[in-house]
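J.: no sequence on this one, just coordinates:
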Ligand code: MLT
């Protein structure tokens, strides 16, 4: 049986599949024609976020039985089209939880102390101590939108440095929130109360633009906003205006509405905006976790008929 891996995957995952007897073809960044040729005789496909598993690609894969996403987000997989064809779609939620939460905390620290801007300044030969006045995180209120695995881990880290955590999550049970020491509230209340807001939801019709001009207008002046979840949860155009007026003091993004982000995206021109290129899950540990996780799930599916993940 052939498993096509069309995005880069840690070698531990590839080795696991090979050991289980599969013919593994690893080719990332293939031109469209090559991808469509390789998928023709594939029984399984493993992707990260690069390959767009479209209706058209699925139609070109008559033997395909499983699509495995090494990672959590399934927005690059047309799951309804796959399901219609009886193809199982799996992901590995959990494998990159710690890494992504750590990246979010890094962004919060970097943003509040303007570390990227200060680094750039020192590298141009300047020594601008007065310019780089930051804010302390201790005792500040962190508003987390979406307390899943990443939001929960971030909560623990934030509490560890003395932040108070408030949260909005319609799916979080009250007793679990209480155990975590998190104050749950309605989204409009969170917007009004938080010093820093970090979103940790998937991108869905409900969450798209959940932070927009209207929401920002209700926030504290000088609020800071972080998105290490999915581009589009925060309306970029509205954020540009709020960063310009300083209503939002700073923002930090790992994800964008369009990726790779275009060089002329107005956010990139703003000094109070910092960003990274969707590297929230990009650590050796997380990539090994998701590669091994998805490889094990694919093996289990073909050998035991067990379907795990999404
Ligand atoms: C995920 O969905 O797992 C993360 O966004 C990282 C990735 O793109 O693989």
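T.: Noted; the coordinates are in hand. Please read these numbers as outputs of a predicted model, since none were measured by experiment.

J.: Where do the strands of the stretch 101-250 of the chain begin and end?
T.: 141-145, 164-168, 183-184, 196-199, 223-227, 248-253 (DSSP state E, counting those that start in this stretch).

J.: Can the longest one be said to contact the ligand?
T.: No: judged by CB under 6 Å from any ligand atom, strand 248-253 makes no contact with the ligand; its nearest approach is 12.6 Å. C-beta: built from backbone N, CA, C; applies to glycine.

J.: Direction included, what does that strand pair up with?
T.: Within its sheet, strand 248-253 is paired with strand 223-227 (parallel), strand 273-275 (parallel), according to DSSP bridges.

J.: what do you get for the fourth one?
T.: Taking DSSP bridges as the criterion, strand 196-199 forms sheet pairs with strand 141-145 (parallel), strand 223-227 (parallel).

J.: pretty sure residue 89 is in a strand, no?
T.: Yes: when DSSP: H, G, I helix; E, B strand; the rest coil is applied, residue 89 is found to be in a strand.

J.: deepest of the strands paired with strand 248-253, which one?
T.: Most buried of these by mean neighbour count (mean count of other CB atoms under 10 Å) is strand 223-227; its value is a mean of 25.

J.: low-scoring pLDDT stretches of the protein, where are they?
T.: Residues of the chain meeting the criterion pLDDT under 70: 309-310.

J.: I'd like the distance between the residue sitting nearest the centre point of the chain and residue 191.
T.: Nearest residue to the geometric centre of the chain (CA atoms, centre = their mean): residue 229, 3.5 Å. The gap separating residue 229 from residue 191 is 17 Å, by CB to CB, to the nearest Å.

J.: now do residue 301
T.: Computed as CB to CB, the residue 301 to residue 191 distance reads 42 Å.

J.: The two - which one has more neighbours?
T.: Ranked by neighbour count (other CB atoms under 10 Å), residue 301 and residue 191 place residue 191 first, with 23 against 19.

J.: Who are the contact partners of that one?
T.: Residues counted as contacts of residue 191 (CB atoms under 8 Å, 6 or more residues apart in numbering) are 143, 197, 215, 218, 219.

J.: Check whether residue 306 really touches residue 296, as I assumed.
T.: No: contact criterion CB atoms under 8 Å: residue 306 and residue 296 do not qualify, at 10.1 Å.

J.: higher neighbour count, those two?
T.: residue 296 (17 against 10).

J.: isn't there a helix covering residue 81?
T.: Yes: checked against three-state DSSP, residue 81 lies within a helix.

J.: Could you find the closest non-adjacent residue to it?
T.: residue 55 (4.1 Å; CB to CB, 6 or more residues apart in numbering).

J.: likewise residue 63?
T.: Closest residue to residue 63 apart from its sequence neighbours, by CB to CB, 6+ apart: residue 43 at 5.3 Å.

J.: ditto for residue 85
T.: Counting by CB to CB, 6+ apart, the residue nearest residue 85 is residue 58, at 5.9 Å.

J.: Just list the residues touching the residue in the stretch 201-310 of the chain positioned nearest to the ligand, thanks.
T.: For the stretch 201-310 of the chain and the ligand, the shortest gap (CB to the nearest ligand atom) falls at residue 281, measuring 3.5 Å. Applying CB under 8 Å, 6+ apart, one finds that residue 281 lies in contact with 71, 96, 99, 100, 103, 287, 290.
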